[in-house]
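In: 3D model of this:
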Amino acid sequence: MEMNIQDVKNYLPHRYPFLLIDRVLELEVGKSIVALKNVTFNEPQFTGHFPDQPIMPGVMIVEALAQATGILAFKSEVGRPIDGQIYMLVGIDKVRFKRMVEPGDQLRLEVEIMVVKRGIWKFKCKATVDNQIVTSAELMCTQKAAD
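Out: Predicted coordinates:
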């Protein structure tokens, strides 16, 4: 199942400059998702990180992976998010950063469901550029009522 940016916006509350998924290439409900983030020099983080050598902050790569987990969880559990509900990152384990991400790179975000227990989802995640691992992590997320 593919999703374009309009479809992605139906599942994530994030908007510019914090919407970090451009397209979903593959989604297998209850199992996995593959999504893309095209990194451009026009993104605001590059103004300060770093002016002479723009590098995508690692926390933003982890956030992009977390946004991919949100789409996968909503599609696997309830379909579309209902008003007043948000999907929150609640834990991060085994994070590794292997390569810098620069403007012009295309991040491929791959996420698999490891386990769902008592409303907490645990995912195995990796981000790659040109088939090289950039970041790997295990993320935990849950759905909560927005206050």
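
In: Do you have the helices of the protein handy? List them.
Out: For the chain, the helices defined by DSSP state H occupy 5-9, 58-77.

In: what's the shortest one packed up against?
Out: Looking back up the chat, that one is helix 5-9. strand 23-28 (3 or more CB pairs under 8 Å, 6 or more residues apart in numbering; DSSP states H and E). For every residue, glycine as well, the C-beta is placed using N, CA and C.

In: And the residue sitting furthest away from the middle of the chain, how far from Glu102?
Out: What lies farthest from the middle of the chain is Asp52; by CA atoms, centre = their mean that is 26.6 Å. According to CB to CB, to the nearest Å, Asp52 stands 12 Å off from Glu102.

In: can you check Asp7 too?
Out: On the measure of CB to CB, Asp7 and Glu102 end up 28 Å apart.

In: just Glu26 next, same as before
Out: Counting by CB to CB, the gap from Glu26 to Glu102 is 25 Å.
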